[in-house]
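Enquirer: Predicted model and sequence below, questions to follow.
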Amino acid sequence: MLETGRRILQDLDCFVVYYSIQLGRCVLFSFAALAVVLLLRYTCFKNRLFLKGMCWAVFLVIPFVGRLKLFYQSPWMVRLFWWWNHACMKYAWVRYSYLAGMLVTAVVILIRRRRVKNFVSNMKKRNLNGHEVWVGDFSFTPFTTGLIHNRVVLPRVMADNFLPEELQLVYLHERTHVRLGHLWLYFLWDIGRSLLWINPFLTLCTKLVQQDLEDICDQVTIQKSGRSAYAYGRLLLKSMSLLRAESLNPGVAFAEIREYRTTKKRFTRIAAFRPYKKKRAFAICAGGIVAVLGLFCLIFQNSYPNYTEHKEIMILSEANEFVEVGDKAALTRAIDIGKKEVKVDQKAMNQIFEEEEIHLDSYFILFGGFIKMPGIGGGGNAVYIDRKQGDGLLRISYQNNDTRFMTLFFKWI
């Protein structure tokens, strides 16, 4: 029982080492990617809302760059990242600190999402203009929740005071978020910033992501509704006025300069609305999707596979030193590895040792196992050989560690 527990802990530690090394590399990549996205956002794509929003899609691929062969094949990449490999493999506190930070970030995000779900669960469902919405008594801006079962949530003050055509426009805005996949993008962004939690700028940029997607939603809603930008802006201003009047502290609506600036920019973009060509917008979105898929393919083609079987037979002395055998073919002929037992031709092995001047009275034969990345692997088996047992055929049974559940699981994750 104790041996089983020890093995499980060793397997779990391998998981932590493997993923902390990978994700640490992704974090360093995320800094560079964020710098490029922000540069494009404030320069080339400043007035191109669809392109500006598509820029954030590059972070969908960042968590997958950790297995790139580049980290081992490029000398400057080795020098740049090897310190992190060494720290994660040597110091347990480094790898487990990364794991702890990732879990804490995920829990915080999960708690916030849970609060929103509980907040909505206490609301009453109403039918407004043929649409089901959930209405709450507090002062909040309309929003949509639920990745699969979507719920459009409105404050009661808006549901009671807006005209039917105004409510229709508000509902259309929220449904546009759903149709454009924004709720899933927010979800994936939260997963990404949990995995790469060491980069605090990802969390700080969450509002920028929301702002860009909100601007896109405004543009699509205005065009789809057939209403003028002026009417849309007036409705937005009316909703803000109602919520401000309903708030317990009316003065907080524009209390922060940053909030005021954000609102001002949103109104400015709405006022500058110009009808766009649907085919062009579709082409931009399709091009962005193709670019992201292309990056995925490029990354996977230049990355290590999930695992590589370790087929080489190795000799280990009792002093835990590997013994190099030059004639690999002769070694393979002398050792026959079956599913449950190993057959060793002692005469052939003695001849190999004599020819290669290997002086060992006993040794271990290592075989099986797999490699995830250079220096990181799992599984493997060993049998003990005593040369004093004679020159005949030696049969040694063994328990195949490569068929253990944890080994198979580690292979495929």
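Expert: Received, thanks. Residues are numbered from 1 along each chain as shown.
Enquirer: For the nearest residue to residue 138 once chain neighbours are set aside, grab phi and psi.
Expert: Distances taken as CB to CB, 6 or more residues apart in numbering place residue 155 nearest to residue 138, at 6.6 Å, with adjacent residues excluded. All C-beta spots, glycine's among them, are computed from the backbone N, C-alpha and C. Dihedral pair for residue 155: phi -80, psi 150, per degrees, to the nearest 10.
Enquirer: and residue 155, how many residues sit next to it?
Expert: Other residues within reach of residue 155, judged by other CB atoms under 10 Å, total 22.
Enquirer: Could you measure from it over to residue 133?
Expert: Counting by CB to CB, to the nearest Å, the gap between residue 155 and residue 133 amounts to 11 Å.
Enquirer: repeat for residue 122
Expert: 15 Å.
Enquirer: With neighbour numbers in mind, choose between the two.
Expert: Set side by side, residue 122 and residue 133 give different neighbour counts by other CB under 10 Å, the larger being at residue 133 (23 against 9).
Enquirer: what about the helices in the stretch 301-413 of the chain?
Expert: Using DSSP state H, counting those that start in this stretch, the helices assigned to the stretch 301-413 of the chain run over residues 328-334, 346-355, 405-412.
Enquirer: Lowest average pLDDT across those?
Expert: For the helices of the stretch 301-413 of the chain, the weakest mean pLDDT is recorded on helix 405-412, namely a mean of 83.
Enquirer: Residue 176 reaches residue 222, doesn't it?
Expert: No: applying CB atoms under 8 Å as the test, residue 176 and residue 222 come out as separate, 10.0 Å apart.
Enquirer: Of the two, give the one with the bigger neighbour count.
Expert: When neighbours are counted by other CB under 10 Å, residue 176 and residue 222 differ, and residue 222 comes out ahead with 22 against 19.
Enquirer: Leaving out the residues flanking it, which one is nearest to the more buried one?
Expert: Of all residues not flanking residue 222 in the chain, residue 232 sits nearest, at 5.0 Å (CB to CB, 6+ apart).
Enquirer: check contacts around that neighbour.
Expert: 169, 218, 221, 222, 225, 270, 273 (CB atoms under 8 Å, 6 or more residues apart in numbering).
Enquirer: Which among the residues you listed count as buried?
Expert: By neighbour count, with 16 or more other CB atoms under 10 Å, the contacts of residue 232 hold 169, 218, 221, 222, 225, 270, 273 as buried.
Enquirer: per-residue pLDDT, the first one?
Expert: Looking back up the chat, that one is residue 169. With respect to pLDDT, residue 169 has a value of 93.
Enquirer: before we move on, which element is it in?
Expert: Taking DSSP states H and E as the definition, residue 169 sits inside helix 164-179.
Enquirer: What's the mean pLDDT across the following helix or strand past that helix?
Expert: Heading C-terminal from helix 164-179, the first helix or strand you meet, by DSSP H and E, is helix 182-195. The predicted model gives helix 182-195 an average pLDDT of 95.
Enquirer: So what does residue 133 look like in phi/psi?
Expert: Backbone phi and psi, for residue 133 under degrees, to the nearest 10, turn out to be phi -130, psi 160.
Enquirer: ok, for it, nearest residue in space, not its chain neighbours?
Expert: In space, not counting the residues next to it along the chain, residue 133 is nearest to residue 152; the distance is 4.8 Å by CB to CB, 6+ apart.
Enquirer: pretty sure the one you found belongs to a helix, no?
Expert: No: secondary structure assignment (DSSP: H, G, I helix; E, B strand; the rest coil) places residue 152 in strand, not in a helix.
Enquirer: so it bridges to which residues?
Expert: Residue 152 has the following beta-bridge partners by DSSP bridges: residue 144.
Enquirer: doesn't residue 173 make contact with it?
Expert: No: using CB under 8 Å as the test, residue 152 is too far from residue 173 to be in contact (9.4 Å).
Enquirer: Mutual contacts of these two, please.
Expert: Applying CB under 8 Å, 6+ apart, one finds that residue 152 and residue 173 are jointly contacted by residue 142.
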